[in-house]
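Colleague: For reference, the sequence and a predicted model appear below.
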Amino acid sequence: MTTTATNDRTSAVANGFTPIPFNFQAASGDEIGVIRDNVPEFGTYTVVLNGDGTGSVTPLVDWGTSAVTIFSDPSFEQSSVFPRFAPFFPDQIEATLDRMARTIISLKNRLDRSAPDATLRTDMAGTGGAGLVGTLGGYSLQQRLANPGIAGAVAATPPNPPFTNGAHYASLQWLLNGADPAAWYAAQFAGNHATEVFSAGIVVPSTATHYQTNAVAVYMRSDRAQPLNGGDVALFSDATSNADNGAVFALNTVANDTTGKTGQVLSIEMDYNVSAPDTDVNGINMVIVSTTGGALTGNRIAYAARGVFSAASQWSHGFYTDDGSVEIYGLWLGSQTAVPGTARNSQKIAFSAYKADNTRLNATINGSSTGSLQFSLGLDTGSFEFMNVARSAFFALIGPNGLSLPIVAAASIGNAPAGFLNIFVDSADNKVKTKDSAGVVVILTN
């Protein structure tokens, strides 16, 4: 058999159990591989070779109308042995040369597919391809490598095309398995488009078996000490606003669920693997640096939970720590400033409410430099209100008119804990009374 074909794969649409022919040449059925719907097949087909090395693949299970790619997967082992002074027959020499040709053809085509040109992109985006698309500024990577004379070729200047308006545009794009960033973006943002320097997309099939699929992955290891206040960054972003009323996002992510599906989870997860006990870990470190030389007047919010797109867009919890996940404090507020030799109260927790005339009232809690807990009301005429769980009854009010206690039946008041007294106003006679842990009632007023 003489290897004459220079291709190494055939793409087709399956038809159940019907054999699928291929026109490239192989030495044996063991050197044939099959990809069905972008997933490698193993043990679900048989191979029949013709005398010239071409042949067909027959499914052992119903492949339906799957997209099928049959490809040459030659062994790179050199198994030919020519003893010294022995006669060498033509078929032995030809078989060795055929194997060499098939391995070269396979390597060449693998390299071609790793740098796809326009013809191959069309083939690979079809029913039998892997859906891999790659372009650099209007030219394929293969074209740039082959012709350094192209403006912006890899061997000369990196691609730097002008900004493009109108349709969705990406200067560099890598897609897998039918991903369509332009359609996805338009669906997410009401038919609008984006201009992108680089975009990557992937559709993960339901048959995927890998532990994880990454549209873009960055891996780094640093073997040096921290340089000054900087450090080595696996993923870096630098965005600058340069216009009046500009809006710039250094990082903006969108996670979507699908209507009709159940048990879905949307999140941003940041994991920290700590092996050394003295390692400092800052989960999210927000640092603001002012270069104005004066006071800042704009809002500066380190964390904000917002629901701005509809009335139904609300978080169930603004801040949550899982039970047992925090060793010391679930929330820790330090002082506003630290001045040696000067006492400072802690920062305040503010609780904002609005009156009917839209006046905002802020009640606050903070720790004092004497170790006490300070409560500040939103109004001088405000009060501390202690209510039941249903917020339907007051246990006590502390306001500008003093302490207010509820009027209740003595029988409805339980015994006080050991060492305490329950104080109440008896509805039978409107007298202030106490009840101790043994249930003894004492009148405090006549």
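Modeller: Done, it's in.

Colleague: backbone phi and psi for Ser412, please?
Modeller: The phi and psi values for Ser412, taken as degrees, to the nearest 10, are phi -90, psi -10.

Colleague: measure it to Lys435 for me?
Modeller: In this view, Ser412 and Lys435 are 11 Å apart by Cβ to Cβ, to the nearest Å. To be clear about C-beta, it is placed using only N, CA and C from the backbone, and glycine gets the same treatment.

Colleague: So, low pLDDT: which residues of this protein?
Modeller: Scanning the chain for pLDDT under 70 picks out 1-6, 76-83, 85-94, 96-97, 109-160, 309-310, 336, 446.

Colleague: Spatially central, which residue of it would that be?
Modeller: Geometric centre of the chain, nearest residue: Ile268, 5.2 Å, by Cα atoms, centre = their mean.

Colleague: helix, strand or coil for the residue nearest to that residue when sequence neighbours are not counted?
Modeller: Once flanking residues are discounted, Ile268 sits nearest to Thr253: 6.4 Å by Cβ to Cβ, 6 or more residues apart in numbering. At Thr253, secondary structure determined by DSSP: H, G, I helix; E, B strand; the rest coil is coil.

Colleague: So which of Ser412 and Lys435 has more stuff around it?
Modeller: Taking neighbours as other Cβ atoms under 10 Å, Ser412 and Lys435 compare with Lys435 leading, 20 against 10.

Colleague: nearest residue to that one other than its sequence neighbours?
Modeller: Asn422 (4.6 Å).

Colleague: For that neighbour, grab the count of nearby residues.
Modeller: Asn422 has 16 nearby residues by other Cβ under 10 Å.

Colleague: Could you tell me how far it is located from Val441?
Modeller: Where Val441 is concerned, Asn422 sits at a distance of 9 Å (Cβ to Cβ).

Colleague: End to end on stretch 44-52, go ahead and measure it.
Modeller: 24 Å (Cα to Cα, to the nearest Å).

Colleague: Return the distance of it from the chain's centre.
Modeller: Between the centre of stretch 44-52 and the centre of its chain there are 44 Å (Cα atoms, centre = their mean, to the nearest Å).

Colleague: Then stretch 193-206?
Modeller: 14 Å.

Colleague: May I see the buried residues of that stretch?
Modeller: Buried residues in stretch 193-206, counted by 16 or more other Cβ atoms under 10 Å: 196, 199-202.

Colleague: In strands only, show me these.
Modeller: Using DSSP state E, the subset of those located in strands is 196, 199-202.

Colleague: how about the residues you listed, which pair is most distant?
Modeller: Glu196 and Ile202 (15.6 Å; Cβ to Cβ).

Colleague: Please enumerate the strands of the stretch 151-300 of the chain.
Modeller: 169-176, 195-202 (DSSP state E, counting those that start in this stretch).

Colleague: Paired strands for the first one, with orientation please.
Modeller: For strand 169-176, the paired strands and their directions (DSSP bridges) are strand 133-136 (antiparallel), strand 195-202 (parallel).

Colleague: CA-only coordinates of the last one, as PDB, when you get a sec.
Modeller: The reference is to strand 195-202. Taking Å, rounded to 0.1, in the frame of the first residue of the first chain, the C-alpha atoms of strand 195-202 are listed here in PDB:
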ATOM      1  CA  THR A 195     -16.300  45.900  21.200                       C
ATOM      2  CA  GLU A 196     -13.800  43.500  22.700                       C
ATOM      3  CA  VAL A 197     -10.000  43.200  22.400                       C
ATOM      4  CA  PHE A 198     -10.200  39.500  23.300                       C
ATOM      5  CA  SER A 199     -13.200  37.200  23.900                       C
ATOM      6  CA  ALA A 200     -13.500  33.500  24.600                       C
ATOM      7  CA  GLY A 201     -16.600  31.300  24.700                       C
ATOM      8  CA  ILE A 202     -17.500  27.700  25.300                       C
END
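
Colleague: Beyond that strand, next helix or strand please.
Modeller: Next in sequence after strand 195-202, counting helices and strands by DSSP states H and E, comes strand 349-354.

Colleague: how many neighbours does the closest residue to Phe249 other than its chain neighbours have?
Modeller: Nearest residue to Phe249 in three dimensions, chain neighbours excluded: Ala239, at 6.8 Å (Cβ to Cβ, 6+ apart). Neighbour count for Ala239, taken as other Cβ under 10 Å: 9.

Colleague: Nearest to Tyr185 among the strands of the stretch 151-300 of the chain would be which one?
Modeller: Here strand 195-202 is closest among those (Cβ to Cβ), at 8.9 Å.

Colleague: okay, now the domains of the chain?
Modeller: 9-114, 344-382, 384-443 (automatic domain parsing).

Colleague: can you tell me how far the closest residue to Trp315 other than its chain neighbours sits from Tyr320?
Modeller: Nearest residue to Trp315 in three dimensions, chain neighbours excluded: Ala305, at 5.2 Å (Cβ to Cβ, 6+ apart). The spacing between Ala305 and Tyr320, counted by Cβ to Cβ, is 11 Å.

Colleague: Please enumerate the helices of the stretch 1-150 of the chain.
Modeller: 90-114, 118-124, 141-146 (DSSP state H, counting those that start in this stretch).

Colleague: All good on my end, thank you.
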